[in-house]
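Colleague: Got a sequence here, can you model it:
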Amino acid sequence: MPNKRFQNALNVKEQKTPPIWFMRQAGRYHTHYQDLKKKHTFENLCKTPELAAEVALGPVKEFDFDLAILFSDILFILEGLGMDLVFDPGPILKEKLNESNYKKYQNVENAINFLEFQAKALQITRNKLSDDKSLIGFVGGPWTILRYALGKNRNINLNEDIFINEYLEKVLIPLLKKNITLQIKAGAEVVMILDSGLDDINTLNLEIYLKNFLSELATNSCKNIGYYAKGLSNENYLKLCKLDFAGFGCDNSINLKNLLKNNHNKFFQGNFDQNNLLLNLNDFKKELNDFCNNFISLSPKQRAGWICGLGHGINKDTNEEHVHIFIETIRKTFI
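Modeller: Predicted coordinates:
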């Protein structure tokens, strides 16, 4: 059966010990990944299902995370739409989306067929994963994908940019829905929508984005879709939490303790500052102790729905021993 702690968190059931997973837990900080990367390109690791599964399983075996995460990238969706994507080492689009070319990149069916490697990777990962571990998938948030497609220097005004609204409505949102369904059918218990590029979104854009686009992804999400946002104020984050997602991930700027205290039916994932893992051992342990004390003051009932993790992706320079210490400390503290 899936991981009991994770299932309890999804169902907002009272428990003493939270499940733990890190964004990018299968990545560059980990020796297991580094060894595979010596033999394979990043694209091959993602697009070869057997290799993607091997990457995903590595940190679960090494650190005993409660769940594995699909190993992929949020921008493959753009490659599926026909945009020329390369990694050198980070993602590069040879042509940016604009008002003149956007109709070239609208074939949703071609894109979802292209993404079939994600389904196969999830199936293989699930087959090899221990029965007491869970499995989740992810897609990029529409705003974050759009920012990459347009180029980060292009200003966006959802109140005036007709072609951008059209592209979101007719291409990105329908394709993300299909991508989420593909991953759930392949064995993902939850699919997280990762929107880490919201730092520059203004109030008007955010209101339109929530009302016209994110609400479409949240509709009838049941327990299958979570949403992570980075870069929002606490005030704007509370607006986001009104959407009908099963739960939310949040960065370390958000007061997660207060969210949990007032929570009734959502899961919340986060939010230890990932930069604290880069500190020397004593300072790291102090920050971790403060983090634990902040949440131990809540009763198990008040902590219901908490999935312990980081505020964002784990840094590539993180000491692996600090990951071991983090997980061991959380499980010894909340018992």
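Colleague: low-confidence ranges in the stretch 51-200 of the chain?
Modeller: The stretch 51-200 of the chain contains no residues with pLDDT under 70.
Colleague: which stretches of the stretch 101-250 of the chain form helices?
Modeller: With helices called from DSSP state H, counting those that start in this stretch, the stretch 101-250 of the chain shows them at 108-114, 116-128, 142-150, 162-167, 173-185, 203-208, 215-218, 234-240.
Colleague: Quick check: the gap between Cys292 and Phe268.
Modeller: Look at Cys292 and Phe268: by CB to CB, to the nearest Å, they are 16 Å apart. In this view, the C-beta of every residue, glycine as well, is placed from N, C-alpha and C.
Colleague: And Pro174, by the same measure?
Modeller: Per CB to CB, Pro174 is found 28 Å from Phe268.
Colleague: quick one: which of those two has more around it?
Modeller: For Pro174 versus Phe268, neighbours defined as other CB atoms under 10 Å are more numerous around Phe268 (24 against 15).
Colleague: Show me what the more buried one is bridged to.
Modeller: Assessed by DSSP bridges, Phe268 has beta-bridge partners Phe248, Trp306.
Colleague: for the helices of the stretch 101-250 of the chain, which one sits closest to Asp283?
Modeller: Of all those, helix 234-240 sits nearest to Asp283, with 26.0 Å by CB to CB.
Colleague: can you pull the buried residues of the closest one?
Modeller: Residues Asn236, Tyr237, Leu240 are the ones in helix 234-240 that count as buried (16 or more other CB atoms under 10 Å).
Colleague: Which neighbouring elements make contact with it?
Modeller: Helices and strands touching helix 234-240, by 3 or more CB pairs under 8 Å, 6 or more residues apart in numbering; DSSP states H and E, are helix 203-208, strand 225-229.
Colleague: Quick one: these as JSON lines, columns for mean neighbour count and mean pLDDT too.
Modeller: Below are these laid out as JSON lines (neighbours: other CB atoms under 10 Å; pLDDT from 0 to 100):
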{"stretch": "helix 203-208", "mean neighbour count": "15", "mean pLDDT": "94"}
{"stretch": "strand 225-229", "mean neighbour count": "24", "mean pLDDT": "95"}
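Colleague: I am finished for the moment; much appreciated.
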